[in-house]
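> Return a 3D structure for these sequence lines:
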Amino acid sequence: MKEFRLTRPLVIPIVAFVVLLALAGTYALVVGGPRRAFATAETSDEPVFHTGEAWAVVSATGALVRSSGGGSVLGCRRNALGQYQCIFGQNINRCVYQATVRGSIPGMIAVSEHPVDRRGTSVRTFGPTGAASDRGFMVSVNCVF
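Take a look at the predicted model:
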């Protein structure tokens, strides 16, 4: 069997392609628990659920640009460089979270459950080099049985 070896002419286009993919797009990191529904009882340890989706469009300053409305999003704010939190109208700790950076400049984003408030998400945004950066973003929470 003939041995396959990568030659320099083949390695350069592969590396260039990988770098292009890394710099050209907007990345979204989806983090969350199993797909469930919004809680309707904040005082219970085992909340009652109903199906729901909530979303918010947030500016780089942390201001809420628009949302799904109906009390599903209580507000968003910027805590520090590239760090935000969004609080929703229901307990969302058993839901799936998704976020995407806004704008034409490539960037990265990470979203997770809020460390203290069961109704919130923590969002971190980064510029194209991976350094923390204030960026506008869209975040959604999906809860389905």
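
> For the rest of this, base every contact and every neighbour count on C-alpha atoms.
Noted.

> Work out for me the element residue 110 sits within.
strand 108-113 (DSSP states H and E).

> next helix or strand past that strand?
Strand 108-113 is succeeded, C-terminally, by strand 120-126 (DSSP H and E).

> elements contacting the strand holding residue 110?
strand 31-32, strand 96-101, strand 120-126 (3 or more C-alpha pairs under 8 Å, 6 or more residues apart in numbering; DSSP states H and E).

> mean pLDDT lowest for which of the ones you listed?
Lowest mean pLDDT within the helices and strands packed on strand 108-113: strand 31-32, a mean of 38.

> before we move on, the earlier item: in its sheet, what does the strand holding residue 110 sit against?
Strands that pair with strand 108-113, judged by DSSP bridges, come out as strand 120-126 (antiparallel).

> Summarise which helices and strands the helix or strand where residue 75 lies is packed against.
Residue 75 is located in strand 73-80, with elements delineated by DSSP H and E. Judged by 3+ C-alpha pairs under 8 Å, 6+ apart, strand 73-80 is in contact with strand 52-58, strand 64-67, strand 83-88.

> if you set the cut-off to 10 Å instead, what comes out?
strand 52-58, strand 64-67, strand 83-88, strand 120-126 (3 or more C-alpha pairs under 10 Å, 6 or more residues apart in numbering; DSSP states H and E).

> re earlier: so the strand holding residue 110 versus strand 83-88, what angle?
50 degrees (axes from the mean of the first three to the mean of the last three C-alpha atoms, to 10 degrees).

> what comes up buried for strand 108-113?
Neighbour counts over strand 108-113 (16 or more other C-alpha atoms under 10 Å) mark 108, 109, 110, 111, 112, 113 as buried.

> Now those residues in TSV, please, with extra columns for pLDDT and distance to residue 88.
Output for the buried residues of strand 108-113, formatted as TSV (pLDDT from 0 to 100; distance: C-alpha to C-alpha, whole Å):
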residue	pLDDT	distance to residue 88
108	96	23
109	97	19
110	96	18
111	96	14
112	93	13
113	92	11
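
> still on that earlier bit, out of the helices and strands packed on strand 73-80, which comes closest to residue 140?
When these are compared by C-alpha to C-alpha, strand 52-58 sits nearest residue 140, at 4.0 Å.
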